[in-house]
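*Asks:* Task: produce atomic coordinates for the following.
(4 chains)
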Number of protein chains: 2
Amino acid sequence: MHQRRTRTVDALRMEDVAALAGVSPMTVSRTLRDPGSVSKAMRDRVQAAVNDMGYVPNRLAGSLASQRSHVVGLIVPGLGDSLYAGMAQAIEGVLSEHGLYLLIAASHHDPATEEAAIAAFLAQRVCGLILHSTRHTDRAKILVQAAAVPTVEIGRLTQTPLDLCVSYSGFAAAKAMVMHLGGLGYRRIGFVSLPLRNNERSVERRRGYLAGLRELGLTALPNLMVEASPGFAGGVDAVVRLVQRDPAIDAIFFAADVMAVGALFECQRRGWAVPGQIAIASFDDVDLLSHVVPTITSLRIPREEIGRRSAAMVVSRLNGTFSGPRIIDLKFDVMTRESTTRAGGDIAP
Amino acid sequence: MHQRRTRTVDALRMEDVAALAGVSPMTVSRTLRDPGSVSKAMRDRVQAAVNDMGYVPNRLAGSLASQRSHVVGLIVPGLGDSLYAGMAQAIEGVLSEHGLYLLIAASHHDPATEEAAIAAFLAQRVCGLILHSTRHTDRAKILVQAAAVPTVEIGRLTQTPLDLCVSYSGFAAAKAMVMHLGGLGYRRIGFVSLPLRNNERSVERRRGYLAGLRELGLTALPNLMVEASPGFAGGVDAVVRLVQRDPAIDAIFFAADVMAVGALFECQRRGWAVPGQIAIASFDDVDLLSHVVPTITSLRIPREEIGRRSAAMVVSRLNGTFSGPRIIDLKFDVMTRESTTRAGGDIAP
DNA sequence: CTGTTAGCGCGTTCAC
DNA sequence: GTGAACGCGCTAACAG
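*Replies:* Prediction:
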């Protein structure tokens, strides 16, 4: 015969609280989840017992029973980059207002790593998923769609999201900046890209650059395009290479903010005037850009808004109050600053 | 009579996989958790069935049954600050190597908010807790200790941790920097603090500053100490206030990196020579400090190591392989850079 | 408004 | 090396 297994664990259960309060466990459960559904007398008795004992409900058991969890999964390339950290911060803020928690994993721009994280999160039965990447393995797509959990992709505006998408057009943004530089009179506009491998966003920005040139009637010169590693060092390296290849270059558009700042500092060290000899423009408006001397012209990307809206979409899907488009195209702005000012005066006619 | 509740949910269970593979659910469970404990023939049959069906196990149920979860909770002031984001990144890296996941919440430097997050995480039955703050409400302390879950505090070196602590001494670091500046010959050394309210780390750094002055035989002058808000703007504001109060000030030590950079830019705008008229030193070595012109002298804080070590401590506690001290005091370094170079030559005798 | 019953999908424990 | 029974702690569904 089996011997009845006895509880060796010391964590309190609802039953214990119920016993102290002299009610059934069900009343405790209701009191905790929906105090309004219980009479005031009961509620007070239960609350007192909960406080006295220091009872902490087991949400694992609750989620299993109710088939509903309170955890949203977020997968970003990494938290080291302030762009992703800022989005995560905004997401966490919205979720915590709604009693939801945030599980985070890093994909390191690798679809296989992302797939593993998705599988792990679905195993944890997350109630929603926010993915930075828009590029997934086939199995990842199948898993997400089978799980039928609200899923928002945020890294890029895709017309074929797994479910929902909130982002901005990197193509349009890059193009707008090139047009802006052209409007200021710049003609030899260089472009510094992030690594294009496994990164559709980089590719998209580069396409925007090329489209901008075309619209301006300028020829894309291979000498004016380089790929650089992220970070200050990448920008330093890139500006030096570009000027060596084409000393007549008059503006450089960097596909990421930190690179632009690194390049600016390198110009200062070498005595290259910014603006004057070289104008500098950047993507993705971090605080730093409006504090350096000179301040750097850049694109203001709605990163906090992407975070908030994506979290809000998950929340409204869970509430059943979702309505509106599945794809949200947020706007960006060109922030004109000192680093692109023309010598003589202002905007060319 | 009760009608037997029928499963309306479509998620697969082990039973389904087991049926397809022609084995018992138990064999599926074992195959997934410990493939070595099952014969190769069984293992292959089960794996095939799992893949065919796209089965994703339910870890909520698993954790409930085994009384063991795979989720670690992290509570930081916020993810917006790159310091915390960097730690979170390092923690996530170590945890994911060990099959653990990271739940994150922001405390916004508020003990009550922290308490709520701790309670929520314990309700989710996290298997470990990493807390940035070392200041907690009484109830938070009781909850953590009752949960008996490995807990690491990382924001500050405390001699009375809830359980474990990995950090560095902010007092010793601030003092070391002041001594360093004194050694370079600076005598009117100003100090810019972060808000002191609800922030033991700020208080500790300020104590270190005062101790350094004392050791140098210098008097602490109220005019040389200001409190500023974090961020570039705080630094801009602080440097201006300090110079107005005491035009003879020869060095300023900022208790946070971004403030120091903001101050440097403001000096450039106003034509105050750095170094020369004012030397600038900073706390907490972000990349930016070694890229600006001039580069900024600062303290290199072992933030990644704090992240890695704290996660490793949780992991080893879970493994039962933990040994070693409960409090780990990591070392910092003074990084001497251009912003504190003396006019004539180098270090004073 | 409150209590009873019957699982949620697994892992533990034991027997084979 | 494999299977059967039982319960982890909670909530859904229903009866009163």
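
*Asks:* What segments of the stretch 151-300 of chain A are strands?
*Replies:* Ranges of strands in the stretch 151-300 of chain A, per DSSP state E, counting those that start in this stretch, are A:151-153, A:164-167, A:189-193, A:225-227, A:251-254, A:279-282, A:297-300.

*Asks:* Quickly run through the sheet partners of the second one, with directions.
*Replies:* Put plainly, it is strand A:164-167. In the sheet, strand A:164-167 lines up against strand A:151-153 (parallel), strand A:327-329 (parallel) (DSSP bridges).

*Asks:* Against A:L162, how distant is A:A146?
*Replies:* According to C-beta to C-beta, to the nearest Å, A:A146 stands 11 Å off from A:L162. Quick note: C-beta positions are derived from backbone N, CA and C, even for glycine.

*Asks:* I'd like a version of the strands paired with strand A:164-167 in TSV, one that adds distance to B:T297, mean neighbour count and mean pLDDT as further columns.
*Replies:* Shown next, in TSV, are the strands paired with strand A:164-167 (distance: least, C-beta to C-beta, whole Å; neighbours: other C-beta atoms under 10 Å in any protein chain shown; pLDDT from 0 to 100):
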stretch	distance to B:T297	mean neighbour count	mean pLDDT
strand A:151-153	43	26	98
strand A:327-329	46	16	98
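
*Asks:* Any idea which of these gets closest to DNA strand D?
*Replies:* Ranking these by proximity to DNA strand D (C-beta to the nearest atom of the strand) places strand A:151-153 first, at 22.8 Å.

*Asks:* I'd like to know which elements whichever strand or helix holds A:A119 is packed against.
*Replies:* In the assignment (DSSP states H and E), A:A119 maps to helix A:111-123. Packing partners of helix A:111-123 (3 or more C-beta pairs under 8 Å, 6 or more residues apart in numbering or on different chains; DSSP states H and E): strand A:71-76, strand A:101-106, strand A:128-131, helix A:138-147.

*Asks:* same thing but 7 Å
*Replies:* Where contact means 3 or more C-beta pairs under 7 Å, 6 or more residues apart in numbering or on different chains; DSSP states H and E, helix A:111-123 is packed against strand A:71-76, helix A:138-147.

*Asks:* That one near DNA strand C at all?
*Replies:* No. Helix A:111-123 lies apart from DNA strand C when judged by C-beta under 7 Å from any atom of the strand; the minimum separation is 8.6 Å.

*Asks:* now do stretch A:138-145
*Replies:* No. Stretch A:138-145 does not reach DNA strand C (C-beta under 7 Å from any atom of the strand); its nearest approach is 14.0 Å.

*Asks:* residues in contact with that stretch?
*Replies:* With contacts defined as C-beta atoms under 7 Å, 6 or more residues apart in numbering or on different chains, stretch A:138-145 is touched by A:114-115, A:118-119, A:122, A:129, A:151, A:162, B:54, B:56.

*Asks:* Weed out the non-buried ones from the residues you listed.
*Replies:* Buried members of the contacts of stretch A:138-145, scored by 16 or more other C-beta atoms under 10 Å in any protein chain shown, are A:114-115, A:118-119, A:122, A:129, A:151, A:162, B:56.

*Asks:* before we move on, the earlier item: tell me the angle the helix holding A:A119 makes with helix A:138-147.
*Replies:* 20 degrees (axes from the mean of the first three to the mean of the last three C-alpha atoms, to 10 degrees).
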